[in-house]
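Enquirer: Any chance you could fold what I've pasted below:
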Amino acid sequence: MKSRLTLLIPEHWPRIPECEWRLSMRDGSSQHGRSAPRHWPAADEHVAILDGAQTRLLSVTVPPGKRKDRPALIAYALEARLARDVDHEHLTVIAESSGSGGATSESTGDTTNGSGNPAARRLELLVVDAARLRRICAQFDALERPLQRAVSIFECLAASAECWQLASGDSRSMALRTGGGDALALDLPPPGLAAVDKDGEPGNGEDENNGGSGDGRTAAIADLLALALADPGSRMPQRIELAFVPPLPPACCDTLARRTGVGMQPIDFAAVWARSAQAHTLLHGGFTPKTGAGAGLWSRLRWPVLTAAGALALAGIITVASLLADRTELARLEQRQARVFAGALPGMPAVAPARQLQRALRDARRMLGELVEDDMLSMLGAVVDASGTLPTAFSYRDRSLSVDLPAASSATPGTATPSNPALGTRLVRRGFTVEAEGDGQRLTLSPAP
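Expert: Residues are numbered from 1 along each chain as shown. Okay, here's the model as predicted:
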């Protein structure tokens, strides 16, 4: 079992960084506190409960259709229900049922009638400002405490036709869930602020003497309950459970019971914390957390890996630039060779330019009486330079020279023998084809083609 830190995120967070939190530890115990992020305890998982009016609970009825068409149908059904563009909202379906009987919307009283189509579906949706949810996730990422789940305060309240729930975890706002599926949120006045009557004057002494109704908080709670009870679609519950931190005083509960005619039952806020584990997460679609096996390793290695990837990309760019430069230089050399060939051999097609130029050079040297590489004297000089000794005999015919090397030199390092081909290697490097006969004392040379 992992440790889990559940945080109650109010509407003003992170401008005011303090918030209520509950730490569920591996051994099943828990701790509760209120602090800024730098004082939050360490945990394996982090869950955010969006408090107050950050989320809305709506019911819509959509006609039957393919599942891939449902987002468009939901957006069309919500167009007249939201003040903002639907594209700016993040939607989460938390329940689905038959829509043949109609559905009453949250806080508006509008009814979407699906009786004309028995196959219509009634959907319960949680709506949250996408930009607000993105800011919350980004703030947790910046704190190096990525969110695994984010839930709505309304889904953390258990309500039925006989019992409603009203909760406030930070004394700044309260959330109500009724048995009819409606959900309301309202800000709470600061503790100790006196209530005012309809004329804007402070509450009368009779109210104060009857349980402290002169407190503005009591008046705000009573007004919210009166609004919910006045809804024609709501049925009078038998009791209303009050989960407040800190708990409401008994005098306040008595005043609320007297004003609403419904029994009030204070409960511990731990029930709200517990239900957050079963609530639907808002982090889906583009908000799906990047968690799971290897997520922690990736967070630690992300910058080294990105640095290495940047270095590889830079090396690739340099390599490509070098290849482009080499290709440019090769094209320049080929153009220069073409110009030289056209100047040396005008009118002759370039088939093998290097060999054609070499042959033209050889012919030009012969015309001038100079030695070329396949002349006898040139080939004999090459043998003397490579072997360091004079041959005992030689013969030249058809551009081929055969030489007999002295027997004494066959054991020297320069002699071409089966075990020491150094002489043959030198002659090959000079542009000759070498063939050794016998024990290597006779060599036959011819110009390489």
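Enquirer: Okay, now the unreliable bits of the stretch 201-350 of the chain?
Expert: Along the stretch 201-350 of the chain, segments meeting pLDDT under 70 span 201-215, 291-300.
Enquirer: Give me the phi and psi angles of residue 302.
Expert: Main-chain torsions, residue 302, degrees, to the nearest 10: phi -60, psi -50.
Enquirer: all helices for the stretch 51-200 of the chain, in order.
Expert: In order along the chain, the stretch 51-200 of the chain carries the following helices (DSSP state H, counting those that start in this stretch): 70-78, 130-142.
Enquirer: got the residue ranges for the strands in the stretch 151-300 of the chain?
Expert: Remark: strands assigned in the stretch 151-300 of the chain by DSSP state E, counting those that start in this stretch are 163-168, 173-177, 183-187, 239-244, 263-267.
Enquirer: Tell me which strands the last one pairs with, and in which orientation.
Expert: Sheet pairing for strand 263-267, assigned by DSSP bridges, gives strand 239-244 (parallel).
Enquirer: which residues sit in contact with residue 345?
Expert: 356, 357, 360 (Cβ atoms under 8 Å, 6 or more residues apart in numbering). Backbone N, C-alpha and C define where each C-beta goes, glycine included.
Enquirer: Give me the buried entries from those residues.
Expert: Among those, the ones that count as buried by 16 or more other Cβ atoms under 10 Å are 356, 357.
Enquirer: Of the contacts of residue 345, which is the nearest to residue 11?
Expert: Checking these against residue 11 with Cβ to Cβ, the nearest one is residue 357 at 85.4 Å.
Enquirer: so which strand or helix has that closest one?
Expert: In the assignment (DSSP states H and E), residue 357 maps to helix 353-367.
Enquirer: how about the CA coordinates for the helix or strand following that helix, as PDB?
Expert: Moving toward the C-terminus from helix 353-367, the next helix or strand (DSSP H and E) is helix 376-387. The C-alpha coordinates for helix 376-387 follow below in PDB (Å, rounded to 0.1, in the frame of the first residue of the first chain):
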ATOM      1  CA  MET A 376      61.700  -0.200 -71.200                       C
ATOM      2  CA  LEU A 377      64.000   2.300 -69.500                       C
ATOM      3  CA  SER A 378      61.200   3.600 -67.300                       C
ATOM      4  CA  MET A 379      60.300   0.100 -66.200                       C
ATOM      5  CA  LEU A 380      63.900  -0.900 -65.700                       C
ATOM      6  CA  GLY A 381      64.600   2.100 -63.600                       C
ATOM      7  CA  ALA A 382      61.600   1.300 -61.500                       C
ATOM      8  CA  VAL A 383      62.900  -2.200 -60.800                       C
ATOM      9  CA  VAL A 384      66.400  -0.900 -59.800                       C
ATOM     10  CA  ASP A 385      64.800   1.700 -57.500                       C
ATOM     11  CA  ALA A 386      62.500  -0.800 -55.900                       C
ATOM     12  CA  SER A 387      65.000  -3.600 -55.500                       C
END
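Enquirer: list the buried ones in helix 376-387?
Expert: 378, 379, 380, 382, 383, 386, 387.
Enquirer: before we move on, the earlier item: pull out the buried residues from the helix holding residue 357.
Expert: Buried residues in helix 353-367 (16+ other Cβ under 10 Å): 353, 356, 357, 362.
Enquirer: Report the distance from it to the chain centre.
Expert: 66 Å (Cα atoms, centre = their mean, to the nearest Å).
Enquirer: Show me what it is packed up against.
Expert: Other helices and strands packing on helix 353-367, by 3 or more Cβ pairs under 8 Å, 6 or more residues apart in numbering; DSSP states H and E, are helix 295-344.
Enquirer: picking up where we left off before, quick one, which of the helices of the stretch 51-200 of the chain gets closest to residue 36.
Expert: When the helices of the stretch 51-200 of the chain are compared by Cβ to Cβ, helix 130-142 sits nearest residue 36, at 12.3 Å.
Enquirer: List the neighbours of that closest one that are in contact with it.
Expert: Applying Cβ under 8 Å, 6+ apart, the set of residues contacting helix 130-142 is 9, 13-14, 46, 48, 50, 54, 88-90, 146-147, 150, 282-283, 287, 289.
Enquirer: CA atoms only for that helix, dumped as CSV, please.
Expert: In CSV, the C-alpha atoms belonging to helix 130-142 read as follows (Å, rounded to 0.1, in the frame of the first residue of the first chain):
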residue,chain,number,x,y,z
ALA,A,130,-9.8,23.6,-18.6
ALA,A,131,-7.4,26.5,-18.0
ARG,A,132,-7.9,26.3,-14.2
LEU,A,133,-7.3,22.5,-14.2
ARG,A,134,-4.2,23.0,-16.4
ARG,A,135,-2.8,25.6,-14.0
ILE,A,136,-3.3,23.3,-11.0
CYS,A,137,-1.6,20.4,-12.7
ALA,A,138,1.3,22.7,-13.8
GLN,A,139,1.7,24.0,-10.2
PHE,A,140,1.9,20.5,-8.8
ASP,A,141,4.4,19.6,-11.5
ALA,A,142,6.5,22.6,-10.5
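Enquirer: got the angle between that helix and helix 295-344?
Expert: Between helix 130-142 and helix 295-344, the angle comes out at 90 degrees (axes from the mean of the first three to the mean of the last three Cα atoms, to 10 degrees).
Enquirer: Give me the distance from helix 130-142 to the chain's centre.
Expert: 14 Å.
Enquirer: list the buried ones in that helix?
Expert: Those would be 130, 132, 133, 136, 137, 139, 140, for helix 130-142 by 16+ other Cβ under 10 Å.
Enquirer: can you give me the mean pLDDT across that helix?
Expert: For helix 130-142, mean pLDDT rounds to 92.
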